[in-house]
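A.B. asks: need coordinates for the following:
(one chain, ligands or ions: 3)
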Amino acid sequence: MDYTLLNGINSPADLRRLPRTDLKKVADELRAYVLESVSKTGGHLGSNLGTVELTVALHYVFNTPEDRLVWDVGHQTYPHKVLTGRRDRMGSLRQLGGISGFPRRDESEYDTFGTGHSSTSISAAHGMAMAAKIKGEDRKAVAIIGDGSMTAGMAFEALNNAGVAHGGLMGDVLVILNDNDMSISPPVGALNKYLARLMSGSFYAAAREGAKSVLKNTPLYEFARKFEEHTKGMVVPGTIFEEFGFNYVGPIDGHDLDSLVPTLENLRDKRGPQFLHIVTKKGAGYKLAEADPVKYHAASGKFDPAVGFVTPATKPKTTFTQVFGDWLCDMAEADPRLVGITPAMREGSGMVEFHKRFPQRYHDVGIAEQHSVTFAAGLACEGLKPVVAIYSTFLQRAYDQMVHDVAIQNLPVLFALDRAGLVGADGATHAGNYDIAYTRCIPNMAVLTPADEDECRQALYTGFLHNGPVTVRYPRGAGAGVVPVKQMTAQPWGKGEVRRESQSTGQRIAVLAFGTLLYPALEAAERLDATVANMRFVKPLDAELVAELARTHDALVTVEDGCLMGGAGSAVTEALNAAGITIPVLQLGLPDEFVEHGDPAKLMSLCGLDAAGIEASIVKRFGAKPTVVARSAAR
Ligand SMILES: Cc1ncc(C[n+]2csc(CCOP(=O)(O)OP(=O)(O)O)c2C)c(N)n1
Ligand SMILES: CC(=O)[C@@H](O)[C@H](O)COP(=O)(O)O
Ligand SMILES: [Mg+2]
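C.D. replies: Numbering: from 1, shown residues only. Ligands and ions are numbered 1, 2, ... in the order given. Down below sits the predicted model:
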């Protein structure tokens, strides 16, 4: 594919200088470029291919960046990034120092709002629209939100607010619903059925057919007028969006520039809240992705577009996600009370098999994390045992529900937190850095940090047996490769274990490891001849073990793949203080800053949380051969 037109577009202004009749070729080149680029770097695919025409039309019609575009989730913004001066940087996508996979205000003025978590775009765009009104600036704010992202309550909170005037001021916000009838998994919920009815109605079919007949070969100057007449004549079904105060237009074909451009031009010039419903195909233009939009939601790495995603020749290591999925099925087999819940992350959370085998106990509630937690609380009130499978970062959205609906009532809800710690390519918006700190401070909540795949299985079982709220956290990807034992055994509640005893006759250091950092800690300890404890629980913490280690060592070190502030290390120092024990404690964990996207191992090394980093920190704090420190009388 030649990129003749694309290579001449270094900003939307360049695009807007092209004749309207060139836009189709721009879109074709853009689609080919995005596919070629993602095939080299990996990253999100289906959503990007599905928004090529929309992106071209938006930057052609609106005066970006003065007119604001807010992309919901932002995983569909690679075409936007190519058209806004980052074409030649796409090779660095999601790599350390490279461009982000999501819009970032600090990356480009065209990225008007940082996204990554879904369903925030309407709120942000409404804010921008109202700001323009308050400041007397004439600009549009456009939110582009997918049908999956529309299932989150926050989207409707925003519609409810944006659809009415405030102090006589009405924001000029345009919401574009990009309806491809897909989330990551097939879509769920009543809204999806409602949108399907809108699309199946006679209006959309007639609009599509009519547009082709009325508008083909229409001279440009008559174009918009005829299209307006054509669609105005249609009986558009009353929609929920109009009930929220929006002028609803659509559904229209989101791949047809002959529909998109004049419609956007019309809507650009209208005042007040506007709502455009477009219909697209996830993966459009790439047959393999069109045929399997779930599989082609994202590419984990390089692939040959001619062949598509292939199963690697060597069997990849078992991931924590797979360990969870296997455990969930085994536990469901053993206990009919188990109900599995996911907020729209069936594949990512490893629940495909569970869905197949236990369809009546499987609930994908859509992108509705808050609802997923309180739904689980309701189930637990009735004696069932809900397991909420959720990414650490996405659980942040349901914090009040964890406290108010689950913990205060001390309900037996098990939170299986995947993607705990740094996640790598998705960067700061998706990092699960805070869950130890934000869960351990909740009364009644237990927090388990398994060190490897077998411990993960056993910790899930241990947590499931507990009659109260429990969080079990584990990282993205594979661990130390400890094959899970089929037999499920309850771990001693609140107890850790010593994995390595220092033989040093001089300075004795004890490293208290939480989670998968046990293994780099063991590696560092070999070189330092330090003791290593696998703590297993942040809460209840094994305070006896902490005190014993303090009594028999001269310094303690805590390591965790979570934020330092309020993390497991803080729990250890709190326990020492409570016991009146004074001993030097070095706490190692994630820093008080957002860690950018990149290779996870590299990022952990940069944070000093690989074996070399742990060793270096210990040597730096306590010396090469640490000298004996003053022992406190209280031991
Ligand atoms: C709060 C939150 N929950 C879950 C996700 C994970 N996620 C990313 S994209 C996506 C599906 C979005 O569907 P849709 O908005 O229709 O966009 P499409 O992928 O179809 O283009 C989900 C669930 C997220 N980014 N944010
Ligand atoms: C855009 C989004 O939020 C999801 O697609 C997310 O990127 C999935 O993350 P994993 O690749 O870790 O499942
Ligand atoms: Mg969708």
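A.B. asks: need the contact list for the closest residue to Arg89 other than its chain neighbours.
C.D. replies: Once flanking residues are discounted, Arg89 sits nearest to Ile99: 5.1 Å by CB to CB, 6 or more residues apart in numbering. In short, each C-beta sits where N, CA and C put it, glycine included. By CB atoms under 8 Å, 6 or more residues apart in numbering, the contact set of Ile99 is 81, 86, 89-90, 92-93, 107.
A.B. asks: what's the answer for Asp14, then?
C.D. replies: Asp14 touches Gly8, counting by CB under 8 Å, 6+ apart.
A.B. asks: just the buried positions in the helix or strand where it lies, please.
C.D. replies: Per DSSP states H and E: Asp14 is located in helix 12-16. Using 16 or more other CB atoms under 10 Å as the test for burial, helix 12-16 gives 12, 15.
A.B. asks: next SSE downstream of it?
C.D. replies: helix 23-41.
A.B. asks: sorry, back to before: pull the CA atoms of the helix holding Asp14 into CSV?
C.D. replies: The C-alpha trace of helix 12-16 is given here as CSV (Å, rounded to 0.1, in the frame of the first residue of the first chain):
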residue,chain,number,x,y,z
PRO,A,12,-5.5,17.8,10.6
ALA,A,13,-5.0,21.1,8.9
ASP,A,14,-3.2,19.2,6.1
LEU,A,15,-6.2,16.8,6.0
ARG,A,16,-8.6,19.7,5.8
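A.B. asks: now that helix: mean pLDDT?
C.D. replies: For helix 12-16, the mean per-residue pLDDT is 98.
A.B. asks: kindly report the same for stretch 22-37.
C.D. replies: 98.
A.B. asks: so what's whichever residue of the stretch 351-500 of the chain sits closest to ligand 3 up against?
C.D. replies: Distances between the stretch 351-500 of the chain and ligand 3 by CB to the ion are smallest at Ile367, namely 10.2 Å. By CB under 8 Å, 6+ apart, the contact list for Ile367 reads 118-119, 148-149, 151-152, 183, 343-344.
A.B. asks: near ligand 1, which residues of the stretch 1-150 of the chain? Just list them.
C.D. replies: Residues of the stretch 1-150 of the chain found near ligand 1 (CB under 6 Å from any ligand atom) are 47, 50, 73, 75-76, 117-118, 146-149.
A.B. asks: what does the host helix or strand of Val532 rub up against?
C.D. replies: For Val532, the host element (DSSP H and E) is strand 531-534. The contact list for strand 531-534 (CB under 8 Å, 6+ apart) reads 451, 496-502, 508-513, 518, 521-522, 525, 545, 549, 553.
A.B. asks: in helices, which of these fall?
C.D. replies: 518, 521-522, 525, 545, 549 (DSSP state H).
A.B. asks: list the contacts of the residue nearest the centre of the chain.
C.D. replies: Closest to where the C-alpha atoms of the chain average out (CA atoms, centre = their mean) is His430, at 4.7 Å. The contact partners of His430, taken as CB under 8 Å, 6+ apart, are 116, 391, 393, 419, 423.
A.B. asks: hang on, Gly515 packs against Gly567?
C.D. replies: No: here Gly515 does not reach Gly567: they are 10.6 Å apart, not a contact under CB atoms under 8 Å.
A.B. asks: neighbour count: these two, which is higher?
C.D. replies: Gly515 (29 against 26; other CB atoms under 10 Å).
A.B. asks: what's the neighbour count on the residue nearest to Thr516 when sequence neighbours are not counted?
C.D. replies: Nearest non-adjacent residue to Thr516, counting by CB to CB, 6+ apart: Gly479, 5.2 Å away. Neighbourhood size, Gly479 [other CB under 10 Å]: 23.
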